[in-house]
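> Structure here, sequence nowhere to be found:
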């Protein structure tokens, strides 16, 4: 798979997550954050189970123990990011949630550099800042007074960034993307289920009330989108992946306008343009050097 196709898959994942934000916000009217997280990730794990089984049967060797532990670590980071975001959404504004969660765009290349000594292409740094500015403008260009939910969103952004970095570490070398997806979903569902039993008391009536949101969240925004992320990150860098995944803010605003009647202000349209420009930059600027080499070879 080419890097262009991989980044297109990441863009698709961002679109699915953007639509998932609509389902995520409406579901909180009937169930708690632990219940919703446990239910949708359990469905995601069930969705990926047949693919993981087929992948295991086709594999020449079992997954090494160290790699399995890495898969569990990815799942733990996914759980921490998902639950802090879900809890934080209850007590913060949509504007603050969109902007503060988007901090992972900048945190991902920083963590990749600090933890793995991965130096991204120079264009990633200005592109990440441009995407972050676009997310801020898309949310209205300002932050209201920070509260506990906002702090959770900042912590959530850190966990999302770590999850992206760890996926980059294990997705390619393991060669088992469906197994990684299944493990991370199962870990998240299990940990969220424990929290549900301790902190919440969901009823079947409440779950039935939001079954469309849970089904979309489990099959598409979790099962499909996170698997697309894992598959795509085998062929692109974590820093570039973060920028393309940040398109979820753009798609969330678009779907919010289409399905919830929300309006995108003029400053939000500028934000959309900045996010789009950042994605084009990380895709096209590195190609210039390749084109230059090819042109030089042609002249020779």
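Sure thing, it's come through. Everything numeric in this text was worked out from a predicted model, so none of it was measured. Numbering: from 1, shown residues only.
> which stretch of helix or strand covers residue 205?
Element membership for residue 205 (DSSP states H and E) is helix 204-209.
> Report the distance from the helix or strand following that helix to the chain centre.
With elements assigned by DSSP H and E, the helix or strand that comes after helix 204-209 is helix 211-215. Between the centre of helix 211-215 and the centre of its chain there are 19 Å (Cα atoms, centre = their mean, to the nearest Å).
> In contact with the residue nearest the centre of the chain, which residues are there?
Among the residues of the chain, the one closest to the centroid is residue 245, at 6.0 Å (Cα atoms, centre = their mean). By Cβ atoms under 8 Å, 6 or more residues apart in numbering, the residues touching residue 245 are 10, 13-14, 17, 164, 229. Using the backbone N, CA and C atoms, a C-beta is placed for each residue, glycine as well.
> now residue 131
Contact partners of residue 131, counting by Cβ under 8 Å, 6+ apart, are 102, 105, 243, 246, 274-275, 278-279.
> Try it again at 7 Å.
Residues counted as contacts of residue 131 (Cβ atoms under 7 Å, 6 or more residues apart in numbering) are 105, 243, 246, 274-275, 278.
> Quick check: pLDDT value at it.
At residue 131, the pLDDT value in this model is 82.
> go on, residue 141?
The model's pLDDT for residue 141 equals 62.
> Hmm, which of the contacts of residue 245 is lowest in pLDDT?
Lowest pLDDT within those is found at residue 17 (82).
> That one and residue 135: what is the separation?
According to Cβ to Cβ, to the nearest Å, residue 17 stands 13 Å off from residue 135.
> So which bits of stretch 180-194 are buried?
180-189, 191-193 (16 or more other Cβ atoms under 10 Å).
> any chance of these in CSV, plus distance to residue 237 and pLDDT?
Output for those, formatted as CSV (distance: Cβ to Cβ, whole Å; pLDDT from 0 to 100):
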residue, distance to residue 237, pLDDT
180, 18, 94
181, 20, 94
182, 24, 96
183, 23, 96
184, 20, 96
185, 24, 96
186, 27, 97
187, 25, 97
188, 24, 97
189, 29, 97
191, 29, 97
192, 30, 97
193, 34, 96
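> For the residues you listed, please prepare JSON lines with the additional fields secondary structure.
Formatted as JSON lines, the buried residues of stretch 180-194 follow (DSSP: H, G, I helix; E, B strand; the rest coil):
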{"residue": "180", "secondary structure": "helix"}
{"residue": "181", "secondary structure": "helix"}
{"residue": "182", "secondary structure": "helix"}
{"residue": "183", "secondary structure": "helix"}
{"residue": "184", "secondary structure": "helix"}
{"residue": "185", "secondary structure": "helix"}
{"residue": "186", "secondary structure": "helix"}
{"residue": "187", "secondary structure": "helix"}
{"residue": "188", "secondary structure": "helix"}
{"residue": "189", "secondary structure": "helix"}
{"residue": "191", "secondary structure": "helix"}
{"residue": "192", "secondary structure": "helix"}
{"residue": "193", "secondary structure": "helix"}
